[in-house]
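S.K.: Provide a 3D model corresponding to the input given below.
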Amino acid sequence: MPNSAIETVRIDMLMPANHVEAVNGLLYLSGGGWTDLHRRIVGRQVPPSHFGVALAVRVPWNETNTPHKFVVDIQNEDATASIAHVDGEINIGRPPQITPGAAQHAVIALNVDTVFPAPGGYRIIASIDGDADTITWPFQVHDTHVTA
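M.R.: Take a look at the predicted model:
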């Protein structure tokens with residue numbers, strides 16, 4: 001068993017999807033793991049693109065019953081503009097049946113509706129407890145032209 005006294009909270013998984021939900025400690029992803037978003041529809045007006053961000057956060061024994069702040073930011077690839085930003089907090093307790101010293105996972109599902117200003121490269125950046133643990137997922141946005 002790892003030494004839980006020196007472990008810190010960390011993000012074990014970050015994944016974009018077409019849609020995500022967290023129900024009873026489980027993540028439900030539809031169309032997860034993409035690197036190209038083909039749904040920026042261009043016509044008279046650019047409507048928001050809908051997508052989800054799924055996170056799994058590992059919380060060691062010594063970090064339970066303590067609030068942990070997370071931040072998810074969608075940025076352009078050179079980090080000069082934030083397209084969407086979500087921050088929140090998790091606090092994982094210790095269920096009575098858990099083995100002493102065992103880590104737990106918290107799942108977070110975020111659904112985002114945002115307008116990307118242009119096609120090109122973007123990235124999802126997630127962090128927990130400041131910059132203690134940061135994970136990044138790059139992706140490309142492509143236009144779909146419609147006539148009407």
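
S.K.: on the pLDDT front, check Gln45 for me.
M.R.: Note for Gln45: predicted pLDDT of 74.

S.K.: can you tell me the SS state at it?
M.R.: Assigned state for Gln45: coil (three-state reduction, DSSP: H, G, I helix; E, B strand; the rest coil).

S.K.: relative to His68, how far out is it?
M.R.: Distance of Gln45 to His68, given as CB to CB, to the nearest Å: 39 Å. C-betas here are computed from N, CA, C, even on glycine.

S.K.: which of those two has more residues huddled nearby?
M.R.: Residue environment comparison for Gln45 versus His68 gives the larger neighbour count to His68, 20 against 7, counting by other CB atoms under 10 Å.

S.K.: bridge partners for the more buried one, pull those for me.
M.R.: With DSSP bridges as the criterion, His68 is bridged to Ile90.

S.K.: quick check: it touching Asp129?
M.R.: Yes - A contact is recorded between His68 and Asp129 when judged using CB atoms under 8 Å, the distance being 5.5 Å.

S.K.: overlap in contacts, the two.
M.R.: Contact with both His68 and Asp129 is made by residues Val9, according to CB atoms under 8 Å, 6 or more residues apart in numbering.
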